[in-house]
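In: Compute the structure for the input listed below.
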Amino acid sequence: MEEKRTGVILLAAGRGTRMHSKVQKQYMLLNGHPLLYYAAIAFEKSPAQDIILVTGEFEIEACRRDIAKKYGFNKIKRIIPGGAERYHSVYEGLKELKSIGYGEGDYVLIHDGARPLVDDGIIRRVMEDAYTYNACAAGMPSKDTIKQADRDGFAETTPDRRFLWNIQTPQGFSFPLIMAAYEKMMSCKEYQQGVTDDAMVAERMAGCRVKLTEGAYQNMKVTTPEDITIAEALLHSRLS
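Out: Sure, this is the predicted structure:
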């Protein structure tokens, strides 16, 4: 793979309310390390050059001390505060990359720090597809039949499972493309309604097609207490 200048926005600003814990989920321990450590080390070892870590305003010093310095993450160039919504945090990360010189010909990967099982294979596949298609998102074909419900909670339609994917992160983009798409979205609150991932921003604001890149079924997002147990087991099996 031809390496091109590629930055990473690593998101760790979520409050994790569904975890029902006083400790924010990105700092909860999995097999002796903070959850955020696993995504950070995956990108530290990847071909990407720069990491912007986006966290809560009051967690910046903790991230600097307990993540970046403790584990010697040289690629974490900036640790910045995020915003009220995920897309605000992504936008702050994009602006930070722009401030250190990212522009034409560069690329960016955007990843949720709550996905600790991302690996080098996923990262490299997303980078390759970003370079080729300018916009891509990791994901896997849905194993389940999906029902679309009506307002009363009854099944309304059953989409063809052959064309359904569960979308993950990282998602990769040409930096100018996703920067312009976010700037357009942030210019109007109406554009921000219902935005749940970066691929949606690229689709809506830039009108581009997003390539679906093979992720992994193990590349789960840790959201609830049960997910901690599953992620620990998967990490343990990876190391054994």
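
In: which residues in this protein form helices?
Out: Assigned by DSSP state H, the chain shows helices spanning 35-44, 60-63, 70-71, 86-99, 120-133, 175-186, 198-206, 225-239.

In: how about these in CSV, adding mean pLDDT, mean neighbour count and distance to Leu11?
Out: (Glycine included, C-beta is placed from N, CA and C.) Formatted as CSV, the helices of the chain follow (pLDDT from 0 to 100; neighbours: other C-beta atoms under 10 Å; distance: least, C-beta to C-beta, whole Å):
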stretch, mean pLDDT, mean neighbour count, distance to Leu11
helix 35-44, 97, 23, 9
helix 60-63, 94, 16, 12
helix 70-71, 97, 13, 18
helix 86-99, 98, 20, 5
helix 120-133, 98, 19, 15
helix 175-186, 98, 20, 14
helix 198-206, 98, 22, 10
helix 225-239, 91, 14, 17
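
In: Distance to Gly7 added to these, as TSV?
Out: Formatted as TSV, these follow (distance: least, C-beta to C-beta, whole Å):
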stretch	distance to Gly7
helix 35-44	10
helix 60-63	17
helix 70-71	19
helix 86-99	5
helix 120-133	11
helix 175-186	7
helix 198-206	14
helix 225-239	26
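
In: Tell me which of those helices sits nearest to Val108.
Out: Evaluated over the helices of the chain, closeness to Val108 peaks at helix 175-186, with 5.0 Å, by C-beta to C-beta.

In: Return the distance of the closest one from the chain's centre.
Out: For helix 175-186, the separation from the chain centroid amounts to 16 Å (computed by C-alpha atoms, centre = their mean, to the nearest Å).

In: And stretch 138-153, by the same measure?
Out: 21 Å.

In: Okay, buried residues for it please.
Out: Neighbour counts over stretch 138-153 (16 or more other C-beta atoms under 10 Å) mark 138-140 as buried.

In: Check the protein for its longest strand and report it.
Out: strand 165-174 (DSSP state E).

In: Using PDB, write out every CA atom in that one.
Out: C-alpha atoms of strand 165-174 as PDB (Å, rounded to 0.1, in the frame of the first residue of the first chain):
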ATOM      1  CA  TRP A 165     -24.400  -3.800   6.600                       C
ATOM      2  CA  ASN A 166     -23.700  -3.000  10.300                       C
ATOM      3  CA  ILE A 167     -21.500   0.100  10.100                       C
ATOM      4  CA  GLN A 168     -18.400   0.500  12.300                       C
ATOM      5  CA  THR A 169     -15.400   2.700  12.600                       C
ATOM      6  CA  PRO A 170     -12.800   3.700  11.400                       C
ATOM      7  CA  GLN A 171     -14.200   5.600   8.500                       C
ATOM      8  CA  GLY A 172     -11.800   7.100   6.100                       C
ATOM      9  CA  PHE A 173     -11.900  10.100   3.800                       C
ATOM     10  CA  SER A 174     -10.000  12.500   1.600                       C
END
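
In: switch to numbering from 816
Out: Sure thing, new numbering starts at 816, so read that last one as strand 980-989.

In: Can you spell out which helices and strands pack onto that strand?
Out: For strand 980-989, the packing partners by 3 or more C-beta pairs under 8 Å, 6 or more residues apart in numbering; DSSP states H and E come out as strand 922-927, helix 935-948, strand 950-956, helix 1013-1021, strand 1026-1029.
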